[in-house]
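Trainee: I'd like to go over a predicted model; first the sequence, then the structure.
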Amino acid sequence: MFKSLRVGFTGLVIMATLAACGSTGTTTTSTNPTSSTSGSSATMPAATMVATAMPAATDATMSATMMAPTTAATMSATMMATATDATMSATAMGSTAMTGGAMSGKLTVAGSSALLPMMQEAAKEFQAKNSGAQITVTAGGSGAGRTQVCSGQIDIGDSDVKLSSDERSKLNCADAVETPVAIQAFAPVANKKGPGSVNNLTKDQLVKIFNGTSKNWKEVGGDDQAIVLVNRAKGSGTRSNMAKFLFAGDDKQFATGASEEDNSETVRQTVSQTPGAISYLGFAYLTNPDIIALQVDGVKADKADIQSGAWKIGGPGYAITKGKGSELAQAFIQFVTSSDFQNSDAFGKLGFVPVQK
């Protein structure tokens, strides 16, 4: 009887183990500056959870335990019920599961290119702690982030500004949850050819440049070089922050520029390659040696001036979910806003200021 029981129980364990071997996979880290998908992903199926929770008993253990046939039947029924419960639970959670206390599943994050470097870094660190999580981070602009999260195309929409009341209504997004994830700032930037020795502009000078009144750098003390406006596309949170500073929020006062770009990296490249060009970027992009970050009214564009309140262009950046979001989305946002991440060297080097000092 003991031999028969050992064979029966071992068979159950083997069946559970074989069923568990059907889902493994890996992901790669993208080199695209507007996309980041890193870490490994292996969502644990229900059978794996059962097999892991109940390791196979050894022959010695089984031999030492006096078990009636009815007990073996009870064990078999219990294991089947447990597997069914685990399957139902995994199905209900969608692409999110708990594996040994760590998070697993897939998460899509898109929107603000100003927040992109920070969210990419957060995704990399979160996946290192949760190997079963696969987080894809892309840009596209704050407007796209707000629209796509409200329509259910993505899990988290990054934005440099909050949803307007009109957007909440039109996008059917009254239940949106907007979590501040960083204090960010924006600065005017220029190609090295044009400003000449000028590294500081007044707010009035910037207003005249961006509304098209000033057309040559020599009008503000620079070279005899035509000014080339490079704007962000309408709906961009970076553009909205500049409009708030320059034009009290009236986006229509921006002059039509040579181009309107969808993301910060394209702006950086365009400005660095175009003599006379001027635009605006988040602080995470200011360290590039091919562009000049301009002071405004004698205040330097750096983290210390953001913290002191001396720098006037910027505000909170937001992670937006429709409703509370999935368990994985909530866990990721909690990590982004944690003191460990916000006070880390990686976060600080990007020029962001913690949402909570």
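Mentor: Okay, I see it.

Trainee: Quickly find the element holding the spatially closest residue to residue 178 that is not a sequence neighbour.
Mentor: Nearest non-adjacent residue to residue 178, counting by C-beta to C-beta, 6 or more residues apart in numbering: residue 318, 4.6 Å away. Bear in mind the C-beta positions are built from the backbone N, C-alpha and C, glycine included. Using DSSP states H and E, residue 318 falls within strand 314-322.

Trainee: Then residue 275?
Mentor: Applying DSSP H and E as the criterion places residue 275 outside every helix and strand.

Trainee: Settle this for me: it is touching residue 191, isn't it.
Mentor: Yes. Here residue 275 reaches residue 191: they are 5.6 Å apart, a contact under C-beta atoms under 8 Å.

Trainee: hang on, the earlier thing: and the helix or strand following the strand holding residue 318, average pLDDT?
Mentor: Counting by DSSP H and E, the next helix or strand C-terminal to strand 314-322 is helix 327-336. The average pLDDT within helix 327-336 is 98.

Trainee: Please list the residues outside whichever helix or strand comes after helix 327-336 that contact it.
Mentor: Downstream of helix 327-336, the first helix or strand assigned by DSSP H and E is helix 339-342. For helix 339-342, the external contacting residues (C-beta atoms under 8 Å, 6 or more residues apart in numbering) are 122, 125, 182, 335, 336, 347, 354, 355, 356.

Trainee: what residues go with each domain of this structure?
Mentor: With domains defined by automatic domain parsing, the chain comprises 2-27+45-86, 104-183+316-349, 184-314.

Trainee: Which among the contacts of helix 339-342 count as buried?
Mentor: Among the contacts of helix 339-342, those classed as buried by 16 or more other C-beta atoms under 10 Å are 122, 125, 182, 335, 336, 347, 354, 355.

Trainee: Closest one to residue 141 out of the residues you listed, please.
Mentor: Using C-beta to C-beta, residue 182 comes nearest to residue 141 of these, at 17.2 Å.

Trainee: quick one, what contacts that closest one?
Mentor: 115, 118, 316, 317, 342, 347, 352, 353, 354, 355.

Trainee: ok, for the last one, nearest residue in space, not its chain neighbours?
Mentor: To tie it back to what came earlier, the one meant is residue 355. residue 180 (4.7 Å).

Trainee: Could you give me the buried positions within the helix or strand hosting the one you found?
Mentor: Mapping residue 180 onto the secondary structure by DSSP H and E places it in strand 176-191. Under the neighbour-count criterion of 16+ other C-beta under 10 Å, strand 176-191 has 176, 178-179, 181-191 buried.

Trainee: partners of the helix or strand just after that strand, with directions?
Mentor: For strand 176-191, the following helix or strand on the C-terminal side (DSSP H and E) is strand 200-201. Sheet pairing for strand 200-201, assigned by DSSP bridges, gives strand 295-296 (parallel).

Trainee: contacts for the partner strand?
Mentor: Here strand 295-296 has contacts from 187, 188, 199, 200, 201, 202, 203, 206, 301, 311, 312, 313, using C-beta under 8 Å, 6+ apart.

Trainee: beta partners for residue 138?
Mentor: Going by DSSP bridges, residue 138 forms beta bridges with residue 35.

Trainee: What about it, how many residues nearby?
Mentor: By other C-beta atoms under 10 Å, 23 other residues sit near residue 138.

Trainee: Let me know the pLDDT of it.
Mentor: Looking at residue 138, its pLDDT reads 97.

Trainee: so who does residue 118 touch?
Mentor: The neighbours of residue 118, taking C-beta under 8 Å, 6+ apart as the test, are 181, 182, 284, 317, 336, 347, 350, 352.

Trainee: My error: substitute residue 223 in the last question.
Mentor: With C-beta under 8 Å, 6+ apart, residue 223 has these contacts: 193, 194, 195, 196, 217.

Trainee: export these to CSV and tack on pLDDT?
Mentor: Supplementary listing: the contacts of residue 223 in CSV, determined by pLDDT from 0 to 100:
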residue, pLDDT
193, 95
194, 96
195, 97
196, 94
217, 98
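
Trainee: Now list the buried members of those.
Mentor: In those, the ones that pass as buried (16+ other C-beta under 10 Å) are 194, 195, 217.

Trainee: For the last one, give its distance to residue 276.
Mentor: Here the criterion is C-beta to C-beta, to the nearest Å. By it, residue 217 lies 7 Å from residue 276.

Trainee: now the nearest residue to residue 264 once chain neighbours are set aside, what's its secondary structure?
Mentor: Nearest residue to residue 264 in three dimensions, chain neighbours excluded: residue 113, at 4.0 Å (C-beta to C-beta, 6+ apart). Classification of residue 113 using DSSP: H, G, I helix; E, B strand; the rest coil returns coil.

Trainee: Mind listing the shared neighbours of residue 217 and residue 276?
Mentor: 194, 225, 226, 227.
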